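Trainee: The following comprises the amino acid sequence and a computationally predicted model.
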Amino acid sequence: MPLSPEFQEQAAPFRLAFIGGGINSAVGRVHYNALRMDGQFELVAGCFSRHKALNQESGRFYGVTPHRVYDTYQALLATETDLDMVVILTPTSNHLEPVLACLEAGLGVICEKAMSATPAEAAAIRMAEKQHGGFLAVTYNYTGYPALRELRARIRNGQLGRILHFIAEMPQEGFIRRGDDGQPAKPQEWRLHDGPIPTVYLDLGVHLHQITQYLIPRRPLQIQGIHHSYGNFPAVVDYVQAAVRYEDDMVGSFLFGKCMLGLRNGLRLRIFGSEGSAEWEQVRPEEIHLAYPDGRRETLDRGGHAPIAGAPRYTRFKAGHPAGYVEAFANLYVDIAQAFREYRRHGHWQSEEVFDTAFAGAGLGFLQTMADAARSGRSEAIPD
C-alpha cells in the first residue's frame, strides 16, 4: 500500500527527548511505541528518572546513547543542541518548571495531560508560550481513535440532529483492587496526593472534558457535582459525578473514578440527539452504535461505510484486525508532527486534532469548577 501524503511529507524524523517517562511508568512506554509507529519522530535523548540506575536502564531500553541520558533536565537542555522537541512525562504536579524551561530554550513541547495541576499554572505556561513564540501540544490520546473522529463528522453533518444531552463515563477499579495477598494494590505515590483539583480529575476527568468538547464544542455554563473517597486510600478522591449545563440547552452527565470493581477502564460515551443517538466504548474501539427515531439500529465499523475511520492513514492493517490504544496514540503523534511542521513554516499552527495551551487552560478551569461544586454542594458557574 503506498504511503499517504502525511507520511511522505517528512523525510527525516523529528528528534525528541523525554523528560520523565522511565520504563517503570506505563505512559513512557506508550509514548515511545506510539511515536515510533509511523516514522515521524526519533527519541534521541532523555532524563527519564531522578533515580540514576532507573534513568540509565530506561535509556538502554529506549535505545538512547548512554552519554545522551542526563541526570537532570537542566543538564539535558544545557547540553543538547540538535533537538526539535521535548516530551514532558513527569507527574502532572511536576510539569510547570520543565515546560517553562523548554519553551525558554526554544524547543517544541509535547506535554502529557493534564498540562498542569492548576489554572494558575496553565496561565503561566500560556504566557511563556506567547512570550517565546513557542509550540506546545497536549496529548489527549483517546480522540486519536478513528471511530471518534468518524462520530464527530456525523454529529457535525447533523446525522443525530440537535444534540440534547450526553453521558460520559470513565470508571476504573485501581484504588479499590487488592492483590492475591489481600493487600491494596499500590498506585504510584504521586497519585495519592490531592491538590486544589484532586488528582483523579486531572487523570480521568480531563479526558472526559476533552472528548466531549471535541465531539460537541458547546460552552459549559454551570456545574453541580459530588465527589467522595470509597477505595483503599481515604485521603484522596476516587469517585466523581457531575451534571453540566451547556449553551443551547444541552446537558451533560459525567461519572469517573477509581473505585468501581470490575471495570479496568470503562470509558463509554452515549450521545442523544433529536434525530438519533450514538454509543462508543473503548473496549470495542472500532464500533459506533447508532439508533434512530424509527427504531432502526446500526453498528458501524471501519470495514463498512466509514469515510473517516476507514481512511488509508488509519488502515495500518485491514479491517477485522482491530487497532487499539497505542495506534490511537500514534494517530495523534502524526497529527502533532503535521502541526509542528506548520508551526516551523509559518510561526503558528492550527489543528482540529491537536489541542493547545488555550484549550488545556480552559479544561483546567472546568475541572476546578467541578471540584469547587463538589466541595461547596452548590451549583457553580464556569468562568468564560
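Mentor: Cool, got the structure.
Trainee: which secondary structure element contains residue 86?
Mentor: strand 85-89 (DSSP states H and E).
Trainee: other SSEs contacting that strand?
Mentor: On a contact count with 3 or more CB pairs under 8 Å, 6 or more residues apart in numbering; DSSP states H and E, strand 85-89 meets strand 14-20, helix 26-36, helix 96-104, strand 108-112. Where C-beta positions appear, they are placed from N, C-alpha and C, glycine not excepted.
Trainee: tilt between that strand and helix 26-36?
Mentor: Relative orientation of strand 85-89 and helix 26-36, computed by axes from the mean of the first three to the mean of the last three CA atoms, to 10 degrees: 150 degrees.
Trainee: Sketch out the strands for this structure, chain order is fine.
Mentor: 14-20, 41-47, 85-89, 108-112, 136-139, 163-171, 220-228, 239-246, 251-257, 268-273, 277-281, 288-291, 297-300, 380-381 (DSSP state E).
Trainee: Residue 94 - how many residues pack around it?
Mentor: Residues within reach of residue 94, counting by other CB atoms under 10 Å, total 17.
Trainee: got a pLDDT number for it?
Mentor: On the pLDDT scale, residue 94 is placed at 96.
Trainee: can you redo the helices and strands packed on strand 85-89 as CSV with mean neighbour count?
Mentor: CSV is the format used below for the helices and strands packed on strand 85-89 (neighbours: other CB atoms under 10 Å):
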stretch, mean neighbour count
strand 14-20, 24
helix 26-36, 20
helix 96-104, 21
strand 108-112, 25
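Trainee: Dump those to CSV, plus distance to residue 297.
Mentor: Putting these into CSV (distance: least, CB to CB, whole Å) gives the following:
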stretch, distance to residue 297
strand 14-20, 44
helix 26-36, 34
helix 96-104, 46
strand 108-112, 37
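Trainee: which one of the ones you listed lies closest to residue 258?
Mentor: Judged by CB to CB, the one of the helices and strands packed on strand 85-89 that comes nearest to residue 258 is helix 26-36, at 14.7 Å.
Trainee: hmm, back to that, closest to residue 316 out of the strands of the chain?
Mentor: With CB to CB as the measure, strand 41-47 is the member of these nearest residue 316 (16.5 Å).
Trainee: Extract the CA atoms of the closest one and return them as PDB.
Mentor: Coordinates of each C-alpha in strand 41-47 appear next as PDB, following Å, rounded to 0.1, in the frame of the first residue of the first chain:
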ATOM      1  CA  PHE A  41       9.800  11.000  15.500                       C
ATOM      2  CA  GLU A  42      13.000   9.600  16.900                       C
ATOM      3  CA  LEU A  43      13.800   9.500  20.600                       C
ATOM      4  CA  VAL A  44      17.500  10.600  20.900                       C
ATOM      5  CA  ALA A  45      18.000  11.900  24.500                       C
ATOM      6  CA  GLY A  46      16.300  12.000  27.900                       C
ATOM      7  CA  CYS A  47      16.200  12.500  31.600                       C
END
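Trainee: contact partners of that strand?
Mentor: Strand 41-47 has contacts (CB atoms under 8 Å, 6 or more residues apart in numbering) with 13-21, 32, 35-36, 55, 58-59, 62-65, 68-73, 75-76, 80, 83, 85, 333, 337.
Trainee: tell me the mean pLDDT for that strand?
Mentor: Strand 41-47 carries an average pLDDT of 98.
Trainee: For the longest helix along the chain, name the packing helices and strands.
Mentor: Using DSSP state H to define each element, the chain has its longest helix at helix 325-346. Other helices and strands packing on helix 325-346, by 3+ CB pairs under 8 Å, 6+ apart, are helix 5-8, helix 26-36, strand 108-112, strand 136-139.
Trainee: where along the stretch 51-200 of the chain do the helices fall?
Mentor: With helices called from DSSP state H, counting those that start in this stretch, the stretch 51-200 of the chain shows them at 52-62, 73-79, 96-104, 119-132, 146-156, 199-200.
Trainee: Run through the protein and note the low-pLDDT ranges.
Mentor: Regions of the chain meeting the criterion pLDDT under 70 cover residues 1-11.
Trainee: Which residue, neighbours along the chain excluded, lies closest to the residue most central in space within the chain?
Mentor: In the chain, the residue lying closest to the centroid (CA atoms, centre = their mean) is residue 140, at 1.9 Å. Closest residue to residue 140 apart from its sequence neighbours, by CB to CB, 6 or more residues apart in numbering: residue 210 at 4.2 Å.
Trainee: And for the one you found, the neighbour number?
Mentor: A count of nearby residues for residue 210, using other CB under 10 Å, gives 22.
Trainee: Could you do the one 4 residues further on as well?
Mentor: Applying the criterion other CB under 10 Å, we find 19 residues in the vicinity of residue 214.
Trainee: From residue 153, how far out is it?
Mentor: 12 Å (CB to CB, to the nearest Å).
Trainee: looking at it, the residue nearest to the centre of the chain is touching residue 113, isn't it?
Mentor: Yes - at 5.5 Å, residue 140 counts as touching residue 113 under the criterion of CB atoms under 8 Å.
Trainee: before we move on, back to that, of all the helices and strands packed on helix 325-346, which one is nearest residue 173?
Mentor: Nearest of those (CB to CB): helix 26-36, 15.7 Å.
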